[in-house]
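just to be clear, the model below is a prediction. Sequence and coordinates:
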Amino acid sequence: MKKFLAILLGALMLSLAACANETENEASGEEKDDQMTEEPSEQEPEVDMEGLIEQIAMDATVDTTADTATFNFSLENAGEEPVTLGFTSSQKYEVQVKNEAGESAYTFSADKMFTQALTTEELAQGDVFDVKETWTGIEKPGTYEATMTFLVNTINDQPLEANPFQVTQSFTIEEDEEKGEGSEKEAPTSHHDGDGQAFRDLTVTGENGSYVVNGEARVFEGSFLYSVEDGHNVQIEPTAFQVDEGAPSWSAFELKIDIPEEDLPMFGTLTLTLFEESAQDGSPTNVNYIPLENFQPEE
């Protein structure tokens with residue numbers, strides 16, 4: 001009897017072990033089936049940025065008269081698919097001009113303010129985004145170099161590592177034969193935009209937020225104001241500066257500008273504005289715009 005019970009108990013244990021193994025195998029099989037039936041994760045198709053850039057054609061020309069230069073430049077969607085160009089502010093383009101000495105002679109954004117709101121330009125097949133800006137009152141004849149840039153930051157929401165939409169062209173302002181020697185001598189002495197009545201012989205040295213501006217000022221009670229902006233933000237609010245002597249004497253000055261590195265713009269032109277306040281109504285007068293440094297995205 002005892003032998004029979006032992007045999008029965010052994011058979012029962014073997015049966016339980018077999019059931020356990022079968023259950024484990026079924027679970028393992030279900031897990032494998034689940035893994036096999038899982039759909040592969042969807043991957044976003046890779047964007048052909050080079051193809052998008054190539055389908056956008058840039059054209060640029062410069063037309064001149066005796067004292068003006070007109071900059072005509074455009075972007076055309078030459079491809080079949082529509083594109084959306086993204087910009088980080090309301091400033092969508094820039095024009096910069098240098099003279100034969102490599103000095104800044106004109107900057108489109110120097111006297112303008114722009115909002116920081118993101119903006120776009122949508123171009124369907126064949127659409128053109130064109131720009132026309134004119135630099136007037138050019139007093140010095142000679143050869144100049146103009147750089148026209150579309151400040152595109154994204155194409156179809158895909159970021160650009162560098163800005164490919166930039167063209168540099170040379171142009172010449174011929175000497176006006178109708179101007180006599182007297183007219184040339186009466187020309188303002190300032191090398192920058194402005195009327196030249198209060199500031200002259202202005203030079204800028206420095207980079208990356210640290211600049212020194214030297215020049216001469218002929219200002220009422222020996223005081224003028226200056227401010228700095230980058231086309232997006234005012235970096236230095238209007239600040240008073242005192243020189244040694246007041247008008248009618250010319251007084252040399254040295255103005256040091258320091259902008260923290262973290263506040264410098266990613267792109268655009270950092271511009272210094274020199275001016276006086278009108279004694280009558282406090283409005284700016286004798287305004288001069290001096291580009292300090294131009295910032296472009298790194299290639």
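The structure has been received and is ready for your questions.

the helix or strand that contains residue 70: partners in the sheet, and parallel or antiparallel?
Per DSSP states H and E, residue 70 falls inside strand 69-77. Counting by DSSP bridges, the strands paired with strand 69-77 are strand 56-64 (antiparallel), strand 128-135 (antiparallel).

what packs against the helix or strand just after the shortest one?
Stepping forward along the backbone from strand 128-135, the first helix or strand reached (DSSP H and E) is strand 142-150. In this structure, strand 142-150 packs against strand 56-64, strand 69-77, strand 93-98, strand 166-173, with contacts taken as 3 or more CB pairs under 8 Å, 6 or more residues apart in numbering; DSSP states H and E. (C-beta placed from N, C-alpha, C; glycine too.)

mind listing residues that contact strand 142-150?
Applying CB atoms under 8 Å, 6 or more residues apart in numbering, the contact partners of strand 142-150 are 58, 60, 62, 69, 71, 73, 75, 85, 92-100, 105, 129, 131, 163, 165-173, 296.

hmm, back to that, what's the closest of the helices and strands packed on strand 142-150 to residue 213?
strand 93-98 (18.1 Å; CB to CB).

give me the contact list for that closest one.
Identification of contacts with strand 93-98 by CB under 8 Å, 6+ apart yields 69, 71, 73, 104-109, 131, 133, 135, 144-151, 267-269, 291, 294.

swap in stretch 63-70?
For stretch 63-70, contacts defined as CB under 8 Å, 6+ apart pick out 62, 72, 97, 106, 132-139, 144, 146, 171-174, 176.

drop anything exposed from these.
Buried by 16 or more other CB atoms under 10 Å: 62, 97, 106, 135, 138, 144, 146, 171, 173, out of the contacts of stretch 63-70.

nearest to residue 286, of those?
Using CB to CB, the buried ones among the contacts of stretch 63-70 come closest to residue 286 at residue 106, 18.9 Å.

assumed that closest one was part of a strand.
Yes. Under DSSP: H, G, I helix; E, B strand; the rest coil, residue 106 sits within a strand.

please, a PyMOL command that selects the buried ones among the contacts of strand 142-150?
Entered in PyMOL, the line below selects the buried ones among the contacts of strand 142-150, by 16+ other CB under 10 Å:
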select buried, resi 58+60+62+69+71+73+75+85+92+93+94+95+96+97+98+99+105+129+131+163+165+166+167+171+173+296
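
just want the most central residue of this protein.
In the chain, the centroid-proximal residue (CA atoms, centre = their mean) is residue 267; its distance is 2.8 Å.

got a list of what that one touches?
88, 94, 151, 163, 295-297.

now the angle between strand 142-150 and the longest strand along the chain, please.
Counting residues, the longest strand found in the chain (DSSP state E) is strand 284-295. Between strand 284-295 and strand 142-150, the angle comes out at 70 degrees (axes from the mean of the first three to the mean of the last three CA atoms, to 10 degrees).

what comes up buried for strand 284-295?
Quick answer for strand 284-295 (16+ other CB under 10 Å): 285-294.

can you put these in JSON lines and add pLDDT?
Shown next, in JSON lines, are the buried residues of strand 284-295 (pLDDT from 0 to 100):
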{"residue": "285", "pLDDT": "86"}
{"residue": "286", "pLDDT": "86"}
{"residue": "287", "pLDDT": "86"}
{"residue": "288", "pLDDT": "87"}
{"residue": "289", "pLDDT": "85"}
{"residue": "290", "pLDDT": "89"}
{"residue": "291", "pLDDT": "89"}
{"residue": "292", "pLDDT": "92"}
{"residue": "293", "pLDDT": "89"}
{"residue": "294", "pLDDT": "85"}
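
which of those residues sit farthest apart?
Spatial extent of those (CB to CB) is set by the pair 285 and 294 at 27.1 Å.

mind listing the strands for the stretch 151-299 of the chain?
Assigned by DSSP state E, counting those that start in this stretch, the stretch 151-299 of the chain shows strands spanning 154-155, 158-159, 166-173, 199-207, 210-217, 223-229, 234-242, 251-258, 268-277, 284-295.

to residue 81, which of these lies closest?
strand 154-155 (10.9 Å).
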